[in-house]
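1. The sequence and its predicted three-dimensional model are supplied below.
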Amino acid sequence: MLLTELLNSIEYTEIINPQNKNIDSIDIVSVCHNSNKAYHSSLFVCISGALSDGHDYALAAYKRMCRFFVAERRPSNLPDDVIIVITPDTRIALAKLSDAFFGHPSKKLNIIGITGTKGKTTSSLLIYNMLNANGIPTGYIGSNGVSFDDYHFNTVNTTPESYDLHYYMHRMLDIGITTLVMEVSSQALKYNRVHGINFDITVFTNLYPDHIGTFEHPDFNDYKSAKRTLFTDYNTKFIVYNADDENARDMIEDLDCEKKGFGIENADADYKASRIAFFRSPGNIGVSFECSAEEKKYPLSLSFPGEFSVYNAMTAIAVCRKFGISFDSIIKTMQKVRIKGRFETMELPNGATVVIDYAHNGVSLKAALSALRVYNPNRLICLFGSVGGRTQIRRAELGLVASKDADFCIITSDNPDNEPPSAIIAEIASYFTAGSCPYVAIPDRKKAIIYALENSDEGDIILLAGKGHETYQLIAGEREHFSEVEIINDYCYSKKKN
């Protein structure tokens, strides 16, 4: 694509062109923000992150033969055979350039954006599965990666950078995908990763204090304000919201579009859940309920525990009804859906149950333990840790919740990165005080899991919290392969052999 065509999509104040090159005939073959992906005829966009500044990597891109840059200021040490376009905001520029480079893919898809503190992944994947099962070719982008048709790609962030979003949307369109359901994080909204995307449907699940810290949001109001922009700034036509959440009014008030609320026995909700019941069978923990909507009542069940799973289901119901899917189809599809790393349940040979879940902060861990307690386990065992290098506030939350709500805890590692696992574990353990449940500390997460499995009894429920869908451990800056499902399967296989 010609450089001049790309530049027509952004605002810029200056073009630095020391050698007065003719820019009218320059062809750009890729847009990138990672210097390792730059090469001849790339356009490198210098974006700033929480920990690094892309301007500092411009020279690295130059050494890979890149000569064309978009920046907020002139990067240092670049030779004179470059062209630098100065723009007020490179994150917005990257979003607009990516959109133009891939032919404006978001305008050709029906896009559902889901935001909130909890429930984004499960709600999104319920919708993704039900739309596809009912003949609507749908893609998914979120914490569990990118999925469409038979393709799956892992991602680093819940909502990838704008270039990656437009790349995947372009790929989806190429094979006939018509609809996209996307988890939209507060960071994605704050840092303009979704800038310029039109969301046909937006969803608010709930809001609790989270992602507040040095490298995230300075306070709850900043976090809340970032979330609200999904409903105010992205041309939504239809809003689905949790009518039971105290922040819902602030999120959607004064917005002139169609809205549908869901809740549990809430008179103001369009979709109301009641008659909630919990069931457990070998390898399956679930919940059933009755949904009142459109002047009728419908019985539903799904293989996820807890009252919050009812909220996730109601979210999916409201969105799927907007697409015209019948309640009969919703009922049949919902009871079959399983989601990787979200209350993923496995049965051990000794009759204990293992639950793998992404619960990684105080709110989600408390919700998970409370949901599992309803099933009257012999013992509720919680294995968990906390990430290194950031979100230290979570360690207090996790320790306080687990020490009170579990019967036995195994404190271990969870993506320690460059921080000593023993230091993280010691900090968490400091919140186990008089009256807390007993615990052991095992820094090696694989050994910790084996310990939990070996020391379980029939009727126990073991919650492996924090990793969920992830298939790696972040250690000293490197992602090392790590799969909890594989560890459990290997353990079960060895027991059957013996």
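-> Perfect, I can see it now. All figures in this text were calculated on a predicted structure; none of them were measured in a lab.
2. quick check: longest helix of the chain.
-> Assignment by DSSP state H gives helix 307-322 as the longest helix of the chain.
3. Got phi/psi on residue 246?
-> phi -70, psi -20 (degrees, to the nearest 10).
4. Run through the residues that contact it.
-> Contact partners of residue 246, counting by CB atoms under 8 Å, 6 or more residues apart in numbering, are absent. Glycine gets a C-beta too; all of them are placed from N, C-alpha and C.
5. Which strand or helix spans residue 165?
-> With secondary structure defined by DSSP states H and E, residue 165 is part of helix 162-174.
6. what does the average pLDDT come to for that helix?
-> For helix 162-174, the mean pLDDT works out to 97.
7. Might you report the residue contacts of the residue lying closest to residue 129 once chain neighbours are set aside?
-> In space, and not counting its chain neighbours, residue 129 is closest to residue 337: 4.8 Å by CB to CB, 6 or more residues apart in numbering. Shown in contact with residue 337 (CB under 8 Å, 6+ apart): 125-126, 129-130, 302-303.
8. circling back: packing partners for the helix or strand just after the helix holding residue 165?
-> Next helix or strand after helix 162-174 toward the C-terminus (DSSP H and E): strand 179-183. Under the contact criterion of 3 or more CB pairs under 8 Å, 6 or more residues apart in numbering; DSSP states H and E, strand 179-183 touches strand 110-115, helix 120-133, strand 138-142, helix 162-174.
9. any chance of the contacts of residue 337 in CSV, with distance to residue 165, neighbour count and pLDDT too?
-> As requested, the contacts of residue 337 are exported to CSV (distance: CB to CB, whole Å; neighbours: other CB atoms under 10 Å; pLDDT from 0 to 100):
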residue, distance to residue 165, neighbour count, pLDDT
125, 18, 25, 95
126, 21, 28, 96
129, 21, 21, 95
130, 23, 24, 96
302, 29, 24, 93
303, 30, 21, 92
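10. Among those residues, which one lies nearest to residue 47?
-> residue 125 (29.0 Å; CB to CB).
11. how much space between the residue nearest to that closest one when sequence neighbours are not counted and residue 392?
-> Of all residues not flanking residue 125 in the chain, residue 339 sits nearest, at 4.7 Å (CB to CB, 6+ apart). Applying CB to CB, to the nearest Å, the value for residue 339 to residue 392 is 29 Å.
12. what about these two, which has more around it?
-> residue 339 (21 against 15; other CB atoms under 10 Å).
13. just to revisit the earlier point, ok, residues contacting the helix holding residue 165?
-> Against helix 162-174 from outside (CB under 8 Å, 6+ apart): 31-33, 45, 91, 94-95, 97-99, 101-103, 105-106, 108-109, 139, 141, 146, 148, 151, 153, 155, 159-160, 180, 182, 192-195, 197.
14. what pLDDT does residue 496 get?
-> pLDDT at residue 496 comes out at 80.
15. and if you look at residue 238?
-> 97.
16. If it is in a bridge, with which residues?
-> residue 201, residue 258 (DSSP bridges).
17. For it, the count of nearby residues, please.
-> Residues lying near residue 238 (other CB under 10 Å) number 17.
18. From residue 167, how far off is residue 229?
-> Applying CB to CB to residue 229 and residue 167 gives a distance of 23 Å.
19. Compare those two (neighbour count), which wins?
-> Each of residue 229 and residue 167 has its neighbours counted (other CB under 10 Å); residue 167 has more, 19 against 16.
20. Quick check: the more buried one vs residue 113, distance?
-> Taken as CB to CB, the span from residue 167 to residue 113 is 18 Å.
21. picking that back up, would you mind writing the CA trace of the longest helix of the chain as PDB?
-> Taking C-alpha atoms only, helix 307-322 is exported to PDB below (Å, rounded to 0.1, in the frame of the first residue of the first chain):
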ATOM      1  CA  GLU A 307     -24.500 -18.000  40.800                       C
ATOM      2  CA  PHE A 308     -22.100 -15.900  38.700                       C
ATOM      3  CA  SER A 309     -22.400 -18.600  36.000                       C
ATOM      4  CA  VAL A 310     -26.100 -17.700  35.800                       C
ATOM      5  CA  TYR A 311     -25.100 -14.100  35.000                       C
ATOM      6  CA  ASN A 312     -22.700 -15.300  32.300                       C
ATOM      7  CA  ALA A 313     -25.500 -17.400  30.800                       C
ATOM      8  CA  MET A 314     -28.000 -14.600  30.900                       C
ATOM      9  CA  THR A 315     -25.500 -12.300  29.100                       C
ATOM     10  CA  ALA A 316     -25.200 -14.900  26.300                       C
ATOM     11  CA  ILE A 317     -29.000 -15.400  26.200                       C
ATOM     12  CA  ALA A 318     -29.600 -11.700  25.700                       C
ATOM     13  CA  VAL A 319     -27.000 -11.400  22.900                       C
ATOM     14  CA  CYS A 320     -28.200 -14.500  21.100                       C
ATOM     15  CA  ARG A 321     -31.800 -13.500  21.200                       C
ATOM     16  CA  LYS A 322     -30.700 -10.300  19.400                       C
END
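22. Please consider this matter closed, and thank you.
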